[in-house]
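1. got a structure for you, letters missing:
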């Protein structure tokens, strides 16, 4: 089992809580391979909550319950990182990076954490700390 602190993106959170999602079992396996707590950001939670509200009754509340139980922690306050996140969004405007992606990139820099639980292939393109690649856990 990998140590705690891997970054956690929207897709696996949604799949984990939406039991009929095609990636539900994959998300469970990905998250089981790492030790909690994962590290995420409020923008990821906002995306996940929005998506879950459309497909899983009670999904947004279940999402918060995961945090309350210690499955993840919030690793970034956006209001303390406006400029670095803005620079990341500008740098990857051609991809394009979402605000959640840019916040996770900033989390990687803050915590020197390359490991991420994601379905998003863009994390193969993104770099943190200038040129460091992500290690996508699957």
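-> Perfect, I can see it now. No experiment lies behind these values; they were computed from the predicted model shown.

2. and residue 53, what element?
-> Using DSSP states H and E, residue 53 maps to helix 42-55.

3. now the closest residue to residue 6 other than its chain neighbours, which residues is it bridged with?
-> Take residue 6 and drop its neighbours on the chain: the residue closest to it by C-beta to C-beta, 6 or more residues apart in numbering is residue 115, 4.1 Å away. The way it works is simple: take the backbone N, C-alpha and C, and place the C-beta from them, glycine included. When assigned by DSSP bridges, residue 115 has beta-bridge partners residue 135.

4. Residue 115 - how many residues pack around it?
-> By other C-beta atoms under 10 Å, 18 other residues sit near residue 115.

5. for the chain, what spans make up the strands?
-> 7-8, 38-40, 72-74, 115-117, 127-128, 132-133, 135-136 (DSSP state E).

6. Pick the most deeply packed of the ones you listed.
-> Comparing the strands of the chain by mean neighbour count (mean count of other C-beta atoms under 10 Å), strand 7-8 comes out on top with a mean of 30.
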